[in-house]
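Participant: kindly generate the corresponding structure for this input.
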Amino acid sequence: MPGLELEGVNVWLGAQHVLKNIDLSVAQGECVALLGPSGCGKTTTLRTIAGFIIPQEGRVSIAGKSTKDLPPNKRNVGLVFQDYALFPHMTVSENVGYGLRMRNIDGKAREQQVEQALAMVQLLHMKDRMPSQLSGGQRQRIALARALVIQPDILLLDEPLGALDRKLRDQMQVELKQLQKKLGITTVIVTHDQEEALSLADRVAVMFDGQIAEIGKPVNLYETPSSLKVMEFLGSSNILSMIVNRREASGATLSGYQTYFIQVEQCTFELDARITAAIRPEHTHILPISELAIDTLEATTVECVYKGGLVEVHCRLSDGTPIKAQSNASSVQRLNLMQQGLKIALRLDPLRLQLFSN
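Facilitator: As a prediction, the model looks like this:
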């Protein structure tokens, strides 16, 4: 039985068609992230699951039960907002126990459940503090405890780590993932942060213009996406125009950019087809110009961007096409890549090259 199911969900807000035939099935205990640019419909999807928006068409089921005619307070959904939405006049315990109070759970039973929830997020010792006395990470944990204390059928997280600084966000990503797996609760996360989606979720649904463009495991979406649009959206990509120069039983030879040729093992395109090839900067290797060959591209360095352990080298091909490569700092120094206008050779990893129709 799926923990959550959306079938043919359509939502119009006024004249705007915001969600278009959304089909989504989330297994019991699975964590799925809705990822996409601003305005793609991911938050509207979350609000539709929670019951704040009623779809004009389609069906939403939670834990195998239809939510038709069920208001938000009857759906047994735990919801964590980006701003946490804690009551400033209530203590930590009162905030966490608010949902239980609304369900008429009082006295010792409520106290025990609140303490159990606070223990899960390691903040039991702060139960008598006010929200103003907590750090951002602590407030995030309290909001999570408040959502979990009611033992929801599904946990909905709306940009839950967006208000935290980078170091704390990285720490909370690990803690949130561990807690979600420990509890085995069905979870849907809305985020615009690609790293957050790829690190937290079992599967990621990439959304554009009110539709789910592709859904899959993070590694599959990043390494072998089914569309160029998803490839370009997730991470950084180099986009190159090529022609299928020769077809062979084991693959094909692609050509482009003057005398450049590359052998690939998998190619579904016909001979002479004009295609788009895409590859990540980390799979684009930098060589000295002395190693320029038929299977390398001649490029000119434009800028080097230092990113801690790695340096991103921005280059241009002879026709002006931009291309990026990643290298470690020692290789950058050895090849003197910080020098603008340097001629270099680039070798694309043929096993990492993704091919798409124009």
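
Participant: quick one: the strands in the stretch 201-350 of the chain, in order.
Facilitator: 203-208, 211-216, 238-248, 251-256, 260-264, 274-279, 284-288, 297-307, 310-317, 322-328, 343-348 (DSSP state E, counting those that start in this stretch).

Participant: comparing these, which comes out most buried?
Facilitator: strand 203-208 (a mean of 23; mean count of other CB atoms under 10 Å). C-betas here are computed from N, CA, C, even on glycine.

Participant: any idea of the angle it forms with strand 211-216?
Facilitator: For strand 203-208 against strand 211-216, the angle by axes from the mean of the first three to the mean of the last three CA atoms, to 10 degrees is 150 degrees.

Participant: need the contact partners of strand 203-208.
Facilitator: Residues outside strand 203-208 that contact it (CB atoms under 8 Å, 6 or more residues apart in numbering) are 24, 30-37, 40-42, 45, 197-198, 212-218, 221, 229-230, 233-234.

Participant: redo that, cut-off 7 Å
Facilitator: For strand 203-208, contacts defined as CB atoms under 7 Å, 6 or more residues apart in numbering pick out 24, 30, 32-36, 40-42, 197-198, 212-218, 221, 229-230, 233.

Participant: kindly report the same for stretch 276-291.
Facilitator: 228, 231, 235-242, 254, 296, 312-313, 323-327, 331, 335, 337, 343-349, 352-356, 358.

Participant: spatially central residue in this protein, please.
Facilitator: Central residue of the chain (CA atoms, centre = their mean): residue 197, 2.9 Å from the mean position.

Participant: disregarding residues adjacent in the polypeptide, which is nearest to that residue?
Facilitator: Nearest residue to residue 197, sequence neighbours excluded (CB to CB, 6 or more residues apart in numbering): residue 33, at 3.8 Å.

Participant: quick one: that neighbour and residue 195 touch, right?
Facilitator: No: counting by CB atoms under 7 Å, residue 33 stays clear of residue 195, with 10.9 Å between them.

Participant: settle it for me: which of these two has more neighbours?
Facilitator: residue 33 (26 against 12; other CB atoms under 10 Å).

Participant: check contacts around the closest residue to residue 194 other than its chain neighbours.
Facilitator: Leaving out its chain neighbours, the residue that sits closest to residue 194 by CB to CB, 6+ apart is residue 234, at 6.0 Å. Residue 234 makes contact with 194, 221, 222, 225, according to CB under 7 Å, 6+ apart.

Participant: avg pLDDT for stretch 63-79?
Facilitator: What stretch 63-79 shows for mean pLDDT is 91.

Participant: again with stretch 167-179
Facilitator: Rounded mean pLDDT across stretch 167-179 is 82.

Participant: buried sites along that stretch?
Facilitator: For stretch 167-179, the neighbour count (16 or more other CB atoms under 10 Å) marks 169, 172, 173, 176, 177, 179 as buried.

Participant: contacting residues around it?
Facilitator: Applying CB under 7 Å, 6+ apart, the external contacts of stretch 167-179 come out as 120, 136, 137, 140, 161, 164, 196, 199, 200.

Participant: for it, list the C-alpha coordinates in PDB.
Facilitator: C-alpha atoms of stretch 167-179 as PDB (Å, rounded to 0.1, in the frame of the first residue of the first chain):
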ATOM      1  CA  LYS A 167      27.200  24.400   8.000                       C
ATOM      2  CA  LEU A 168      24.100  23.900  10.200                       C
ATOM      3  CA  ARG A 169      22.100  22.900   7.100                       C
ATOM      4  CA  ASP A 170      24.600  20.200   6.200                       C
ATOM      5  CA  GLN A 171      24.500  18.900   9.800                       C
ATOM      6  CA  MET A 172      20.700  18.900   9.800                       C
ATOM      7  CA  GLN A 173      20.500  17.100   6.500                       C
ATOM      8  CA  VAL A 174      22.300  14.100   8.100                       C
ATOM      9  CA  GLU A 175      20.200  14.200  11.200                       C
ATOM     10  CA  LEU A 176      16.900  14.600   9.300                       C
ATOM     11  CA  LYS A 177      17.700  11.600   7.000                       C
ATOM     12  CA  GLN A 178      18.700   9.400  10.000                       C
ATOM     13  CA  LEU A 179      15.500  10.300  11.900                       C
END
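
Participant: contact partners for residue 124?
Facilitator: Going by CB under 7 Å, 6+ apart, residue 124 touches 115, 118.

Participant: my error: substitute residue 71 in the last question.
Facilitator: residue 51.

Participant: now do the helices in the stretch 1-150 of the chain.
Facilitator: 42-50, 92-102, 107-120, 136-148 (DSSP state H, counting those that start in this stretch).

Participant: can you pick the most crowded of the contacts of residue 234?
Facilitator: Greatest neighbour count in the contacts of residue 234, by other CB under 10 Å, goes to residue 221: 26 neighbours.

Participant: show the pLDDT at it.
Facilitator: 96.

Participant: in the sheet, who's paired with the residue lying closest to it once chain neighbours are set aside?
Facilitator: Nearest in space to residue 221, with sequence neighbours left out and distances taken as CB to CB, 6+ apart, is residue 204 at 5.6 Å. Beta-bridge partners of residue 204, counted by DSSP bridges, are residue 33, residue 216.

Participant: for stretch 327-343, output the C-alpha coordinates as CSV.
Facilitator: Provided in CSV are the C-alpha atoms of stretch 327-343 (Å, rounded to 0.1, in the frame of the first residue of the first chain):
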residue,chain,number,x,y,z
SER,A,327,40.4,19.8,-11.6
ASN,A,328,42.2,19.7,-8.2
ALA,A,329,44.3,22.6,-7.1
SER,A,330,47.6,20.8,-7.7
SER,A,331,46.8,20.1,-11.3
VAL,A,332,45.7,23.7,-11.8
GLN,A,333,49.0,24.9,-10.5
ARG,A,334,51.0,22.4,-12.5
LEU,A,335,49.3,23.3,-15.8
ASN,A,336,49.4,27.0,-14.9
LEU,A,337,45.6,27.2,-15.5
MET,A,338,45.1,30.4,-13.6
GLN,A,339,46.6,32.2,-16.6
GLN,A,340,43.8,33.5,-18.9
GLY,A,341,44.0,32.8,-22.6
LEU,A,342,46.0,29.6,-22.1
LYS,A,343,45.6,26.9,-24.8
